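> predicted model and sequence below, questions to follow.
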Amino acid sequence: MVEDGYRFKGTVASNLDNPSRKTLICTDNGSLIGTSSFGKSGFEKFGDRREIISIYLLPDYWGIGYGKLLLQAAISGLEKERLRSI
């Protein structure tokens, strides 16, 4: 489990340094349990389109609503950018 947690935190850190992406974090009692990233597509063929890039959640937190909250928050963030479709 420590190794998986280490990779998970490394993924979050790399997204935080990307100015074309926004990363939300989800915590439980101060511990990082999930993230959601959204922003400009990483694929050139999509131009300036935006997308939900990732949703990560530790397996112990699957099935209790945290993933849905991260998805809803990412959609809300994209809507604030006044996008017509997601």
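Okay, I see it. Numbers count the residues shown, from 1 in each chain.

> which strand residues bridge the residue most central in space within the chain?
For the chain, the residue nearest the mean C-alpha position is residue 36 (1.3 Å; C-alpha atoms, centre = their mean). When bridges are called by DSSP bridges, residue 36 pairs up with residue 24, residue 55.

> contacts only, for it.
23-24, 26, 52, 54-56, 70-71, 73-74 (C-beta atoms under 8 Å, 6 or more residues apart in numbering). Using the backbone N, CA and C atoms, a C-beta is placed for each residue, glycine as well.

> can you flag the buried ones in those residues?
23-24, 26, 52, 54-56, 70, 73-74 (16 or more other C-beta atoms under 10 Å).

> so residue 48 sits in a strand?
No - when classified by DSSP: H, G, I helix; E, B strand; the rest coil, residue 48 is found to be coil rather than part of a strand.

> give me the neighbour count for it.
7 (other C-beta atoms under 10 Å).

> for it, phi and psi?
According to degrees, to the nearest 10, the main-chain angles of residue 48 amount to phi -90, psi 10.

> that one contacts residue 81, doesn't it?
No - the criterion here is C-beta atoms under 8 Å, and residue 48 misses it with residue 81 at 10.4 Å.

> check the gap between residue 65 and residue 78 for me.
20 Å (C-beta to C-beta, to the nearest Å).

> more neighbours: these two, which one.
residue 78 (18 against 9).

> test my guess that that one contacts residue 38.
Yes - counting by C-beta under 8 Å, residue 78 touches residue 38, with 5.6 Å between them.
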